[in-house]
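> Please find the sequence and the predicted model below.
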Amino acid sequence: MRPVMTLVALSLLASTSLAQTPAASSVEVNYDKPEHFRDASLDSNGYERGADEHVMKELRSYLQALGKRYLPPGQSLRIDIRDIDLAGRYEPWHAQAYSIRFMRDITWPSIDLHYVLSQQGKELSQADARVTDKFYLQRPGRSANSDRLYAEKAMLEEWFRKQFAVQQQTSS
């Protein structure tokens, strides 16, 4: 009889400790009318607008990774991306005009979005944001990166860290 009581006690203890473990942080990324985005395609025929699946998939998984890095357990973040303008432009007067993005000082990346930060179903904050990086060409080490979305990812990481790592410190 005693081993049964011990087993029941251990089961209750285990279920109680599991119930108290905070849920992992999560980031949900939605795209609002991506077919109307200004410029979110890595390949273009010069006339197409909108976002391609590769760009949306890469940015979604990158934002989710940032959430794991910067959000405390139990917080969830919903990001609705409303527009994307990638760094650089296609210049039709160059050879291979629609396979190379030319990076210039005036072609910085920007992303318009709305976010809602919650914890256990309670909204902590929400806002519209325009994330830009006018100095993306002057940042050290960025040009050596072979990732075609390096400028956008670096811009999003800086914004995410400033926006949500600060809240993490104040909520503790």
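Arrived safely.
> Please make it C-alpha for all contacts and neighbour counts, starting now.
Noted.
> Could you report the pLDDT at residue 150?
Looking at residue 150, its pLDDT is 89.
> Then the one 10 residues further on?
According to the predicted model, the pLDDT of residue 160 comes to 96.
> Now residue 24: phi and psi?
Main-chain dihedrals, residue 24, degrees, to the nearest 10: phi -70, psi 160.
> What count of nearby residues applies to it?
The tally of other residues near residue 24 (other C-alpha atoms under 10 Å) stands at 13.
> And for the residue nearest to it when sequence neighbours are not counted, the neighbour number?
In space, residue 24 comes closest to residue 73 once its chain neighbours are excluded; the distance is 4.6 Å by C-alpha to C-alpha, 6 or more residues apart in numbering. Applying other C-alpha under 10 Å, we find 16 residues neighbouring residue 73.
> now residue 135
For residue 135, the neighbour count with other C-alpha under 10 Å is 14.
> residues in contact with it?
Counting by C-alpha atoms under 8 Å, 6 or more residues apart in numbering, residue 135 touches 105, 108.
> Quick check: it is in a helix.
No. Counting by DSSP: H, G, I helix; E, B strand; the rest coil, residue 135 is not part of a helix but coil.
> all helices of the chain, in order?
Per DSSP state H, the chain carries helices over the ranges 2-20, 53-70, 150-160, 166-171.
> which stretch in those helices is the model least sure about?
helix 166-171 (a mean of 49).
> which residues does residue 75 contact?
Taking C-alpha under 8 Å, 6+ apart as the test, what residue 75 contacts is 23, 24, 25, 26, 117, 118, 119, 120.
> could I get these as CSV with pLDDT and distance to residue 128?
As requested, the contacts of residue 75 are exported to CSV (pLDDT from 0 to 100; distance: C-alpha to C-alpha, whole Å):
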residue, pLDDT, distance to residue 128
23, 80, 26
24, 85, 25
25, 88, 21
26, 93, 19
117, 97, 12
118, 96, 15
119, 94, 19
120, 89, 22
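> Any chance of a ChimeraX selection covering the buried ones in those?
Selection of the buried residues among the contacts of residue 75 in ChimeraX, burial being defined by 16 or more other C-alpha atoms under 10 Å:
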select :25,26,117,118,119
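> Out of the contacts of residue 75, flag the one nearest to residue 159.
residue 117 (14.4 Å; C-alpha to C-alpha).
> distance of the closest residue to that closest one other than its chain neighbours from residue 123?
Excluding the flanking residues, the one nearest residue 117 by C-alpha to C-alpha, 6+ apart is residue 77, at 4.5 Å. Taking C-alpha to C-alpha, to the nearest Å as the measure, residue 77 falls 10 Å from residue 123.
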